[in-house]
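Participant: Structure, please.
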Amino acid sequence: MTRFVSRRAVLAGAATVVATSALPFLSGCDAPGTGSASSGGSFKGVDITGASYAKGLQLKDFNGQVRSLAEFKGKVVFLFFGFTQCPDVCPTTMAELAEVRRRLGPDGEKVQGVFVTVDPERDTPELLKGYLGSMDPSFVGLTGTPDEIKAAAKEFKVFYQKVPTQNGNYTIDHTAGAFVFDPSGQVRLFVRYGMPVDDLVSDIRQLL
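Facilitator: Have a look, this model is predicted:
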């Protein structure tokens with residue numbers, strides 16, 4: 001089964017699948033995704049070429065500028081939904097993407113990391129900028145109002161949910177995977193958490 005931040009998220013994600021019958025990567029299916037077009041390549045990630053969802057989004061970056069995926073055409077875009085106080089999945093995912101860019105050498109400049117927060121109340125623009133900048137200065141962090149984040153997550157069929165903690169605070173369970181767009185701006189892959197860096201490098205090379 002696709003790995004989530006916690007067992008609670010797995011159960012909630014499964015409930016989402018039962019309700020929507022939509023995402024193979026949330027149900028733990030290892031078959032190719034919902035895309036109908038043939039990629040012509042052999043990917044390690046889940047091929048969702050031609051998917052009817054994950055078409056795009058418009059949110060503000062940590063400088064207050066409205067950004068969209070369209071402006072990154074010409075690059076492979078790695079899009080991940082997470083939050084800065086995530087203890088493991090989020091920092092690991094973004095650090096591994098930084099390593100992917102390094103291993104690609106000059107081609108690494110053609111890979112754009114985009115991090116969408118699912119915790120806009122706590123993830124201020126300043127916090128996002130420092131968090132991502134410590135991993136790779138090229139990464140872009142996006143945020144918005146709770147309703148805007150909810151709409152973006154719905155477009156990408158991403159699950160997230162606040163979970164109260166014993167100290168009166170909260171953590172967030174969320175889909176632990178990323179979307180990869182090709183240089184033409186088309187969504188091509190869903191990358192599950194824990195995918196080996198070498199496999200991700202291979203997939204991105206194919207898309208480049």
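
Participant: Look at Arg188 and say how many residues are nearby.
Facilitator: As a burial measure, Arg188 scores 28 neighbours (other CB atoms under 10 Å). Using the backbone N, CA and C atoms, a C-beta is placed for each residue, glycine as well.

Participant: From Ser138, how far off is it?
Facilitator: According to CB to CB, to the nearest Å, Arg188 and Ser138 sit 20 Å apart.

Participant: One more: Gly177?
Facilitator: In terms of CB to CB, Gly177 sits 21 Å off from Ser138.

Participant: neighbour-wise, which of the two wins?
Facilitator: Each of Gly177 and Ser138 has its neighbours counted (other CB under 10 Å); Gly177 has more, 25 against 15.

Participant: thought the more buried one was touching Tyr193?
Facilitator: Yes - Gly177 lies in contact with Tyr193 (CB atoms under 8 Å); the separation is 5.7 Å.

Participant: can you give me the strands for the protein?
Facilitator: For the chain, the strands defined by DSSP state E cover 46-47, 58-61, 66-68, 76-82, 111-117, 140-143, 160-164, 170-174, 177-181, 187-192.

Participant: Mind listing the residues bridging to the most centrally placed residue in the chain?
Facilitator: For the chain, the residue sitting closest to the mean C-alpha position, by CA atoms, centre = their mean, is Phe80 at 1.8 Å. Beta-bridge pairing for Phe80 (DSSP bridges): Phe115, Ala178.

Participant: ok, it touching Phe115?
Facilitator: Yes - counting by CB under 8 Å, Phe80 touches Phe115, with 5.6 Å between them.

Participant: Pull up the overlap in contacts between those two.
Facilitator: Cys90, Met94 (CB atoms under 8 Å, 6 or more residues apart in numbering).

Participant: Just send the strands of the chain back as JSON lines, with mean pLDDT and distance to Arg101 too.
Facilitator: What follows is those, written out as JSON lines (pLDDT from 0 to 100; distance: least, CB to CB, whole Å):
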{"stretch": "strand 46-47", "mean pLDDT": "94", "distance to Arg101": "21"}
{"stretch": "strand 58-61", "mean pLDDT": "94", "distance to Arg101": "19"}
{"stretch": "strand 66-68", "mean pLDDT": "94", "distance to Arg101": "19"}
{"stretch": "strand 76-82", "mean pLDDT": "97", "distance to Arg101": "9"}
{"stretch": "strand 111-117", "mean pLDDT": "97", "distance to Arg101": "5"}
{"stretch": "strand 140-143", "mean pLDDT": "96", "distance to Arg101": "13"}
{"stretch": "strand 160-164", "mean pLDDT": "93", "distance to Arg101": "26"}
{"stretch": "strand 170-174", "mean pLDDT": "92", "distance to Arg101": "23"}
{"stretch": "strand 177-181", "mean pLDDT": "95", "distance to Arg101": "13"}
{"stretch": "strand 187-192", "mean pLDDT": "94", "distance to Arg101": "15"}
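
Participant: CSV please, covering the ones you listed and showing distance to Thr93.
Facilitator: As requested, the strands of the chain are exported to CSV (distance: least, CB to CB, whole Å):
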stretch, distance to Thr93
strand 46-47, 15
strand 58-61, 19
strand 66-68, 20
strand 76-82, 6
strand 111-117, 9
strand 140-143, 13
strand 160-164, 14
strand 170-174, 11
strand 177-181, 6
strand 187-192, 9
